[in-house]
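S.K.: Here is a sequence with its predicted model. Questions after.
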Amino acid sequence: MTQLPGPKAPVLIQLLQWVAKPLTFMEKCASEYGDTFQIKLNYPMVFISHPKAIEEILKTNPKQFDSGVGNQFLQPLLGDKSLALLDATLHQRQRQLLMPPFHGERMQAYGELICAIAEKVASKWVVGQPFSMRESTQEISLKVILQAVFGLEEGQRYDKLEQLLTLALESLASPSKASMLFFKFLQVDLGKWSPWGKFLRQRQEVDELLYAEIAERRQQLDSERSDILTMLLLARDEAGEPMSDRELRDELMTLLFAGHETTATALAWAFYWIHRQPEIYNKLLSELEDLGDNPDPMAVIKLPYLNAVCSETLRIYPVAIIAFARIAKSPITIMGQTYLEGTALAPCIYLTHHREDLYPEPEKFKPERFLERQYSAYEFLPFGGSSRRCIGAAFAMFEMKLVLATILKRYSLALAEKKTVKPVRRGVTLAPAGGVKMVMTGKRMSQTQQSPSVATV
């Protein structure tokens, strides 16, 4: 194997660059070293952005890789039994148990719930008063998780969990706070006022509430309920065994962190781009209005331009910058390049999504790309791929589309600031700096409320 190109700076410097300014770091490496380069984080990692190479990696038998071990930095957040940290048969077992609730008819039950939650959060906006769109979408997505996934009804435990989870997420939000995940030496409990100590105590309180909920639901298991926790409690593996309390807790935390922060961020970006370019807003609104006042959620999610807008949002600033790294268990050859056992191969989502040969003028937001061309799973991969593809991908797109449709049909919004919003690290994701400041300019009348004279103006 030849020496892989890549920056020569010490590990600590590269890790600091990766945490503080990941896009600048990656783009500089790509411009200097091309489609494939190695950077040194907690361990050396090969970043790959050529679709053919990504295809070869994702089509390789997953048993030839260890992937969970590469995500150990997420252990404090998710727990040892999280799907993201498992490999081999344990990963396969958990994935099979988790898959059914996120597909087909199961999801339809959540459509009206998502629309109602979006409407409830938006109803608190005041005309002319600026607000952070990302805070609103975070509230929406957290309520969706608590109600659709955890199956909680509003009450004392619901309110306490909502408050604690918000605090826990904020404790890791900025690049400096996120450093605690990447730098082990910062994970020191110096009491409840220290950053790590504060996080651990919040996590403990969350755990107590989750374990109490799991215990109650086990005792009063109702197979008629449609929430995801109930389905996981009812699920059995091939040996007829249910998930343990610890497995349930860790998977609930995984679904929370994977499905809450990510969807909230993607929605904030979508509102930003839609309102930054009037022609996109007008085209999308026209498509939504063609469905009438109270469209069926299943009709909304089939709208082609809405799908293109969501796809372009996930292309230009994918919430996850790289797919899960695959660590080779034996030497492997990808596009003629042989990698030694132990090499960590990371398909780079961001760099692939910004290739000029795939996406001309990649820095521009152009939903039409997704109407003019069908991209392969190796050219457009916002949710990763293969056996490590995000288990809630379909649910995330479902939620994105319904929240956008609900709010755009009922509210007139505008960006509160004209400046360009830049992406910054938020925990392990990529979020809009400042949270996208917006203002409600008024409520939109439904078509049935409009008089003929108004409708023809």
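M.R.: Structure's in. What do you need? Numbering: from 1, shown residues only.
S.K.: What separation do you get for Ala416 and Leu404?
M.R.: Plainly put, Ala416 is 19 Å away from Leu404 if you go by CB to CB, to the nearest Å. The way it works is simple: take the backbone N, C-alpha and C, and place the C-beta from them, glycine included.
S.K.: Of these two, give the one with the bigger neighbour count.
M.R.: The residue with more neighbours, out of Ala416 and Leu404, is Leu404; 23 against 16, by other CB atoms under 10 Å.
S.K.: Check which helix or strand that one maps to.
M.R.: helix 393-410 (DSSP states H and E).
S.K.: Show me which positions of that helix end up buried.
M.R.: For helix 393-410, burial by neighbour count (16 or more other CB atoms under 10 Å) applies to 393, 395-410.
S.K.: low-scoring pLDDT stretches of the stretch 1-150 of the chain, where are they?
M.R.: Along the stretch 1-150 of the chain, the parts satisfying pLDDT under 70 run over 1-2, 104.
S.K.: Tell me where it has helices.
M.R.: In the stretch 1-150 of the chain, the helices defined using DSSP state H, counting those that start in this stretch lie at 11-20, 22-33, 51-59, 75-78, 88-98, 105-108, 111-122, 133-144.
S.K.: spatially speaking, which residue is in the middle of the protein?
M.R.: By CA atoms, centre = their mean, the chain has its centre lying nearest to Thr262, at 2.6 Å.
S.K.: is it true that it lies in a strand?
M.R.: No: judged by DSSP: H, G, I helix; E, B strand; the rest coil, Thr262 forms no part of a strand; its state is helix.
S.K.: Identify the residues contacting it.
M.R.: For Thr262, the contacting residues are 319-320, 396, 429, by CB atoms under 8 Å, 6 or more residues apart in numbering.
S.K.: Most neighbours among these, which one is it?
M.R.: For these, the largest neighbour count, defined by other CB under 10 Å, is 25 neighbours, found at Val319.
S.K.: Endpoint to endpoint, stretch 372-386 covers what distance?
M.R.: End-to-end distance for stretch 372-386, by CA to CA, to the nearest Å: 25 Å.
S.K.: and what of stretch 35-55?
M.R.: End-to-end distance of stretch 35-55 (CA to CA): 14 Å.
S.K.: can you check stretch 15-34 too?
M.R.: End-to-end for stretch 15-34, by CA to CA: 20 Å.
S.K.: tell me which residues in the helix or strand following the helix holding Leu404 are buried?
M.R.: Later in the chain than helix 393-410, the nearest helix or strand by DSSP H and E is strand 411-415. Of the residues in strand 411-415, 411, 413, 415 count as buried by neighbour count, 16+ other CB under 10 Å.
S.K.: now the last one: how far from Met133?
M.R.: Read that as Leu415. Distance of Leu415 to Met133, computed by CB to CB: 9 Å.
S.K.: Mind listing the shared neighbours of these two?
M.R.: Counting by CB under 8 Å, 6+ apart, the common neighbours of Leu415 and Met133 are 272, 436-438.
S.K.: Just those residues: which are in helices?
M.R.: Secondary structure from DSSP state H places Tyr272 of the shared contacts of Leu415 and Met133 in helices.
S.K.: Out of the shared contacts of Leu415 and Met133, the closest to Lys184 would be?
M.R.: Taking CB to CB as the measure, Lys184 sits nearest to Val436 out of the shared contacts of Leu415 and Met133, at 33.2 Å.
S.K.: mind listing what that closest one touches?
M.R.: Val436 neighbours (CB under 8 Å, 6+ apart): 132-134, 268-269, 271-272, 415, 421.
S.K.: State the distance from it to Ala270.
M.R.: Distance of Val436 to Ala270, given as CB to CB: 10 Å.
S.K.: Go through the protein and flag its longest strand.
M.R.: Counting by DSSP state E, the longest strand found in the chain is strand 437-443.
S.K.: follow-up on the earlier one: quick check: of the shared contacts of Leu415 and Met133, which has the highest neighbour count?
M.R.: Val436 (28 neighbours).
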